[in-house]
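Enquirer: quick check, what structure comes out for this input:
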Amino acid sequence: MLIHETPLAGAALVELEKREDHRGFFSRSFCREEFERAGLEPTVAQCNLSFNHRKGTLRGFHYQLTPNAEAKTIRCVRGAVYDVIVDLRTDSPTFLRHFGTELTADNRLALHVPRNFAHAYLTLTDDAETLYQVSTAYTPGAERGLRWNDPALAVEWPVTVEQVSDKDGNWPLLAEVPVASR
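Expert: The predicted structure follows:
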């Protein structure tokens, strides 16, 4: 694996280091020791698979409050998504900044998302599927979110958002949420 830093401290792109021959290739997609050496959280408590029928489907921004905050590693295993994270760490120099990247079945990149980041993605193809490794089990009472189209975030989504759940479409705007509650 090749681990690349992003502009947001603690977040990283994980690239496969392929061993190829006439049959195809083999690569590790996760290695606890390599994650630890790169300063990434290697704990995996849960794995989730998300399938999306249509291009333009948006999921997020989601996060969980401490002590249930999650680190995630997301990989697109079918189709393509535009994945975006927002730094919610109030003591971070990149507080409320976001980073977006394209994850596709072809580029096989994964995005490691530290605890106390919000996460969302928008499907760029029909039949897009993502696989998440998550450090903490989903805890409904700890779940929070940010509005995907919040002007304070100013995320430039690469395609039109066609589908979003009622829950994701109705998260509060940043201006409506006290900093201590994020």
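
Enquirer: distance from the chain centre to the longest helix along the chain, please.
Expert: Taking DSSP state H as the criterion, the chain has its longest helix at helix 32-37. The chain centre lies 19 Å from the centre of helix 32-37; the measure is C-alpha atoms, centre = their mean, to the nearest Å.

Enquirer: helices or strands next to that helix in the packing?
Expert: Applying 3 or more C-beta pairs under 8 Å, 6 or more residues apart in numbering; DSSP states H and E, one finds that helix 32-37 contacts no other helix or strand. Backbone N, C-alpha and C define where each C-beta goes, glycine included.

Enquirer: avg pLDDT for stretch 78-90?
Expert: Regarding stretch 78-90, the rounded mean pLDDT is 97.

Enquirer: got it, and stretch 175-182?
Expert: Stretch 175-182 comes out at a mean pLDDT of 68.

Enquirer: picking up where we left off before, what residues of the longest helix of the chain count as buried?
Expert: Neighbour counts using 16 or more other C-beta atoms under 10 Å place E34, F35 of helix 32-37 among the buried residues.

Enquirer: so what touches it?
Expert: M1, I3, R28, E41, P42, H112 (C-beta atoms under 8 Å, 6 or more residues apart in numbering).

Enquirer: residue nearest the centroid of this protein?
Expert: With distances taken as C-alpha atoms, centre = their mean, the residue of the chain nearest its centroid is H119 (4.5 Å).

Enquirer: got the end-to-end distance for stretch 3-22?
Expert: Across stretch 3-22, the terminal residues are separated by 26 Å (C-alpha to C-alpha, to the nearest Å).

Enquirer: try stretch 153-171
Expert: Note: stretch 153-171 ends 13 Å apart using C-alpha to C-alpha.

Enquirer: for stretch 37-55, same thing?
Expert: 37 Å.

Enquirer: that stretch: which residues count as buried?
Expert: Buried, per 16+ other C-beta under 10 Å, within stretch 37-55: A38, L40, E41, P42, V44, S50, N52, K55.

Enquirer: now swap in stretch 86-105 and tell me
Expert: Buried residues in stretch 86-105 (16+ other C-beta under 10 Å): 86-89, 92, 94, 96, 98-101, 103-104.

Enquirer: go on, stretch 66-83?
Expert: By 16+ other C-beta under 10 Å, the buried positions in stretch 66-83 come out as 68-83.

Enquirer: OK, contacts around the residue lying farthest from the centre of the chain?
Expert: Going by C-alpha atoms, centre = their mean, the residue of the chain most distant from its centre is H22, 33.3 Å out. By C-beta under 8 Å, 6+ apart, H22 lies in contact with nothing.
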